[in-house]
Structure formats: C-alpha cells, structure tokens
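Novice: Model the structure of this input:
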Amino acid sequence: MKAVTLRKATFAAGCFWGVEEVFRTTPGVVATEVGYVGGRTEHPTYEQVCAGGTGHAEAVEVTYDPTQVSYGTLLHVFWENHDPTTPNRQGPDVGEQYRSAIFFHSPDQEAAAVASKASLEQAGRFRRPIVTQIVPASTFWRAEEYHQQYLAKRGDRSCHT
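Specialist: The predicted model follows:
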C-alpha cells in the first residue's frame, strides 16, 4: 500500500477564525492552523499584526490529503467564503492583515490559483475587480494557541452575527 503524501495550502480571507472553520470542516482536510504570513516581522504576535505595520496577513495553513480533496476544491472553498473584491477588508475587519491572498507552495498551485482567478473574472460574477494577491508562500508563523480552532472551542460556526 502506497503512503499518501499530504500537501499544504495557505489562504488569507479576512479574520482567520472563520476561514479556519470553513477549511477545517472540508472533507479531505486533515489539519488547519491559523497564523501570520507574508510580512516582515519575525515571530509576530496577534497584537503586532492587528496594530498594522508588520505586513502579515491573518491566514490559514491547510494540510490536506490530495487523494481526498483537490487543490481546485480548496480554491473553490476560498472563493466562496469571502469577498475577493475588497482590498484590505472583510466585513467589519479593516487593515492589510485582512487582505485576500493565496500563498502558493508550488508551481502547480500557482497555475491553478491564477487560472481560477481568471475564470472568476471572465464569468463576471463580481461587479468590482478581484484584488486577491497570488504570491509565493513565505514563513508561516503559527498564531497563539488560543486562536487555534477558536470558533470550534466556543461552539460557533461563524465570526459574523
């Protein structure tokens, strides 16, 4: 029997609590972690990222089994669960840490992300341009433990009321 090689995918789509919950409950996802990516500060804290100036996005690192869920499906989950047309904002959360971004881990992920974004743009689903960044994954700094599976620990399904 051949061992399955798990893969990583990293997405930023606003407050990481809700984004994590959506991916955590996606079949084929074996683990999620919330944290900070795409910035300049090493070992950033939640307070530093929220204050702005570190350049990080609140993000979710998804570990998935590619025999159970495709990267394309994860991209679909990403696009369906936030507004990719609002720069540095999702709902009431404002700041560069809430930007929409796909942090790719391989050339295949980059190509899939670019193609999926282009397909959405061509479909005209959104009235405004899609501002989602598609950039190479950099160091993922795991957020403080109390942020991990925050909504699940509280019995909530969403950040929004």
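
Novice: Of all the helix elements in this structure, which one is longest?
Specialist: Secondary structure of the chain per DSSP state H: the longest helix is helix 107-123.

Novice: ok now it, how far from the chain's centre?
Specialist: 15 Å (C-alpha atoms, centre = their mean, to the nearest Å).

Novice: go on, stretch 137-148?
Specialist: Once both centres are worked out by C-alpha atoms, centre = their mean, stretch 137-148 turns out to sit 12 Å from its chain's centre.

Novice: residues of that stretch that come out buried?
Specialist: 137, 140, 141, 143, 147, 148 (16 or more other C-beta atoms under 10 Å). The C-beta positions use only the backbone N, C-alpha and C, and glycine is treated the same way.

Novice: quick one: pLDDT of the closest residue in space to the first one that isn't next to it in sequence?
Specialist: Spelled out, it's residue 137. Closest residue to residue 137 apart from its sequence neighbours, by C-beta to C-beta, 6 or more residues apart in numbering: residue 103 at 4.0 Å. Note for residue 103: predicted pLDDT of 98.

Novice: Same question for the one 3 residues further on.
Specialist: Confidence per residue is given as pLDDT, and for residue 106 that number is 98.

Novice: Of the buried residues of stretch 137-148, which belong to helices?
Specialist: Per DSSP H, the buried residues of stretch 137-148 never map to helices.

Novice: Put together CSV for those, with pLDDT and distance to residue 64 on each row.
Specialist: As requested, those are exported to CSV (pLDDT from 0 to 100; distance: C-beta to C-beta, whole Å):
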residue, pLDDT, distance to residue 64
137, 98, 14
140, 98, 15
141, 97, 20
143, 90, 19
147, 71, 20
148, 79, 17
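
Novice: Pick the one among these closest to residue 36.
Specialist: residue 141 (4.6 Å; C-beta to C-beta).

Novice: follow-up on the earlier one: out of the buried residues of stretch 137-148, who's nearest residue 84?
Specialist: For these, the nearest to residue 84 is residue 137 (18.3 Å; C-beta to C-beta).

Novice: isn't the closest one right next to residue 106, touching?
Specialist: No. Judged on C-beta atoms under 8 Å, residue 137 makes no contact with residue 106 at a distance of 9.1 Å.

Novice: sorry, back to before: which other helices and strands contact the longest helix of the chain?
Specialist: helix 71-80, strand 100-104, strand 133-136 (3 or more C-beta pairs under 8 Å, 6 or more residues apart in numbering; DSSP states H and E).

Novice: what's the closest of these to residue 125?
Specialist: The nearest among the helices and strands packed on helix 107-123, by C-beta to C-beta, is helix 71-80 at 8.8 Å.

Novice: Great, nothing more from me.
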